[in-house]
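Student: task: produce atomic coordinates for the following.
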Amino acid sequence: MDFRKELKENILKFWLDNSIDYKNGGIYTCLDRQGNIYGKEKSVWFQGRALWVLAKAYNTIEKSSEYLRAAKCIYDFLPKCTDTDNRMYFTVTDDGRPIQKRRYYFSETFAAIGCAEYYKATGDKSVLDRAVYYFDTAYKCFTGKIKCAPKFVPENHSYKALSPVMIMLSTAQVMMSTGYNTDIYAKIADACLDEILHGGFLTENALFENVSPDGKAVDTPTGRKVNPGHSMEAAWFVICQGLLTGNNEALEAGKRIIDITLPLGWDKAHGGIIAFTDAYGKPATDLEWDMKLWWPQCETMIAARLAYTLFGDEKYNKLYRDVKEYCEKYFIDRECGEWYGYLHYDNTPSSTLKGNIFKGPFHIPRLYIIMAIMDETGSIEKFMK
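Tutor: Numbering: from 1, shown residues only. Here you go, the predicted structure:
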C-alpha cells in the first residue's frame, strides 16, 4: 500500500470533503458510509484529535493550504468547547453549546496535542499558549489538583487505570516536540513511563487496564481486564520514549508488551485483534469483547512495524503484514472510502458508519502518517519531532 497516497486521496479526503463545518466551526464525526452527516452533535475529543491530524499532515506529509484552512476552522472552535472552569465538554451542539461534560480529562489532552502541532505548523505563540493551557488543566486533573469524580467508590472498589497514564505520556511527548519547557514535559513523560513499567500494570502475563492503587493485581473482572488495543498502543508509546531518552529498558519493555499481548488479543480463528479479554481466560464481561474495532488494528500495526525496525525479529514483520492484510481485506471500504469501524467476530460489519462520537480522523490517519514516514525514512524519528 502507498500510505502517503492513500492518506491524501482516501482518508483525509473523506473527512475534508464531508465533515468540516465552515459555518459554525469545528468538525462533525457522525458520518454514514457515504460520508453523509447523520448527527450534528460534535465530539470534543475529535476537535483536538482532528486538529492534531491536520497539522501533523501539514508538518510531515504535504504543506497543503487545505489542511491548514480546516485546522484553523477547528482551532477557532475550541473556546466554545471549554467551560468557565477551564474544563472542556465531551459533546457540544453544532454551534458549540454544551451537551455533556464527563469526569475524564481526555478532551483537554487531545486539545493540547492539537494546539501543540498547530503551533508547529503556524509558529503562532498564542497557539502554543493555548496548548500549554489545555495541558496544564489536564495535568492538574491527572495529579488530583483538580478533583474529578472517581469512577468507582474508593472505599469499596478502588483502582488506578492505565489509560490516563499512557495518554499523559503521549501528550507530554507531543508537548516536548514544541521545544517549549522541554525539561518539564520530559520529567512528566518519564514519570508516566515509570508508572507503566513499574506501577503494577505490566506483569509477566499481561498489561492490565486496572490495578489497585498500590499496584497490586485485583482478582475481579475489572482487575483481570486486558484491552489489547491499549496494550499495543502503550507498547509503541513506551518504545518512542525509549528512543527519545536512550532508555534501553523502555525499548525492551515495549517489545515485551507486544509479545505478551499478541496471544491474548489475536483471534486465531478469524484474524484481527479483539476488543477485550480476561487475562486468565475467564469470561470477558464486555459484550463487544470479541468484536474487531478499527483502532486496535492500527495500534498493532504501528507497534509491530516499529519493533521489527528496531529489533529485526521476523515475527514482528509477520504480525505487521498479517494485520495489514487483514485490514485491507475487511476494514478498508474501497467503494465509499475510509474504514468501517466495527466488525463482528467473523469480520462482517456490525455497522457501516464511518464515524461517531468515538470514531473520527485520528487512529487511521495517524497510522498512515507513521507508515508513510517509515516507508520513506526507515525510522519513526521524523514523526516524533
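Student: can you count the residues close to K40?
Tutor: Counted with other CB atoms under 10 Å, residues neighbouring K40 total 12. C-beta coordinates here come from the backbone N, C-alpha and C atoms, glycine included.
Student: that one touches C30, doesn't it?
Tutor: Yes - counting by CB atoms under 8 Å, K40 touches C30, with 7.3 Å between them.
Student: residues in contact with N248?
Tutor: G242 (CB atoms under 8 Å, 6 or more residues apart in numbering).
Student: quick check: it vs Y280, distance?
Tutor: Separation of N248 from Y280 (CB to CB, to the nearest Å): 30 Å.
Student: ok, now D124?
Tutor: D124 sits 51 Å away from Y280, taking CB to CB as the criterion.
Student: what of K147?
Tutor: For K147, the distance to Y280 - CB to CB - is 34 Å.
Student: more neighbours: those two, which one.
Tutor: Set side by side, K147 and Y280 show more neighbours around Y280, with 12 against 9, by other CB under 10 Å.
Student: I196 in helix, strand or coil?
Tutor: Recorded secondary structure, I196: helix (DSSP: H, G, I helix; E, B strand; the rest coil).
Student: from what I see, it and A234 are in contact.
Tutor: Yes - contact criterion CB under 8 Å: I196 and A234 qualify, at 6.2 Å.
Student: give me phi/psi at the nearest residue to Y368 once chain neighbours are set aside?
Tutor: Among residues not flanking Y368 along the chain, L7 sits closest, at 3.9 Å (CB to CB, 6 or more residues apart in numbering). Main-chain torsions, L7, degrees, to the nearest 10: phi -60, psi -50.
Student: coming back round to it: out of I196 and A234, name the residue with the larger neighbour count.
Tutor: More crowded of I196 and A234, by other CB under 10 Å: A234, with 29 against 24.
Student: run the chain-centre distance for the helix or strand that contains the more buried one.
Tutor: According to DSSP states H and E, A234 maps onto helix 228-245. Computed by CA atoms, centre = their mean, to the nearest Å, the chain-centroid distance of helix 228-245 equals 11 Å.
Student: ok, stretch 309-319 next?
Tutor: 23 Å.
Student: one more: stretch 42-62?
Tutor: For stretch 42-62, the distance to the chain centre is 12 Å (CA atoms, centre = their mean).
Student: please save the CA atoms from that stretch in CSV.
Tutor: Taking C-alpha atoms only, stretch 42-62 is exported to CSV below (Å, rounded to 0.1, in the frame of the first residue of the first chain):
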residue,chain,number,x,y,z
LYS,A,42,-19.9,17.3,18.0
SER,A,43,-17.3,15.2,19.8
VAL,A,44,-14.9,17.5,21.7
TRP,A,45,-12.3,14.7,21.7
PHE,A,46,-12.2,15.0,17.9
GLN,A,47,-11.9,18.7,17.8
GLY,A,48,-8.4,18.3,19.3
ARG,A,49,-7.7,15.0,17.6
ALA,A,50,-8.6,16.2,14.1
LEU,A,51,-6.7,19.4,14.7
TRP,A,52,-3.6,17.3,15.5
VAL,A,53,-4.1,15.1,12.4
LEU,A,54,-4.4,18.0,10.0
ALA,A,55,-1.5,19.9,11.5
LYS,A,56,0.7,16.8,11.6
ALA,A,57,-0.2,16.0,8.0
TYR,A,58,0.8,19.6,7.1
ASN,A,59,4.0,19.3,9.0
THR,A,60,5.1,15.9,7.8
ILE,A,61,3.3,14.9,4.6
GLU,A,62,2.3,18.0,2.5
